[in-house]
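J.: Can you look at this prediction? I've put the sequence above it.
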Amino acid sequence: MEKGNRYGRLLVIGIYRNSANRIICKCVCDCGKEKDIYAYNLINGKSTSCGCYQKEVITKINTKIPIERYSDIFMKRDSGSTYEAIGREYGVSRQAIKYICDNKR
Ligand SMILES: [Zn+2]
């Protein structure tokens, strides 16, 4: 991991350790926002934007899938449907379905 590495929308512009001795990357997102992110989350692909990507996904989902339908999605997922199959049914990406399922309330 070094300065100049790119993870999704995030470009690493600095690296330091916090008081808990964890490695933190100072990143700048493609949208222009700066954010400090655990190196671990970048390496394992958990963080790929400052949060703007998730906001875009949510906006896209909300325009296509009303929140009342989410329980249908969870049921389909629990009964073994893939993210991809559910996404096709609702006309959204598999990432969108995964996002809904990962953020079950
Ligand atoms: Zn961003």
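T.: Good, I have the coordinates.

J.: Endpoints of stretch 71-84, how far apart?
T.: Terminal residues of stretch 71-84 lie 17 Å apart, using Cα to Cα, to the nearest Å.

J.: quick one: that stretch to chain centroid distance?
T.: Here stretch 71-84 is found 19 Å from its chain centre; the criterion is Cα atoms, centre = their mean, to the nearest Å.

J.: So which residues make contact with the helix or strand of the chain with the lowest mean pLDDT?
T.: Here the helix or strand of the chain ranked lowest by mean pLDDT, DSSP states H and E is helix 52-64, holding a mean of 86. If you take Cβ atoms under 8 Å, 6 or more residues apart in numbering as the criterion, helix 52-64 is touched by Gly8, Arg9, Cys29, Cys31, Lys33, Tyr90, Gly91, Val92, Gln95, Ala96, Tyr99, Ile100. Placement of C-beta: from N, CA and C, glycine included.

J.: residues of it that come out buried?
T.: For helix 52-64, a neighbour-count test (16 or more other Cβ atoms under 10 Å) marks Tyr53, Val57, Ile61 as buried.

J.: do the same with stretch 87-105
T.: Judged by neighbour count using 16+ other Cβ under 10 Å, the buried positions of stretch 87-105 are Gly87, Tyr90, Val92, Ser93, Gln95, Ala96, Ile97, Lys98, Tyr99, Ile100, Cys101.

J.: Can you confirm whether the least confident helix or strand of the chain lies near the ion?
T.: Yes. Using Cβ under 5 Å from the ion, helix 52-64 reaches the ion at Cys52.
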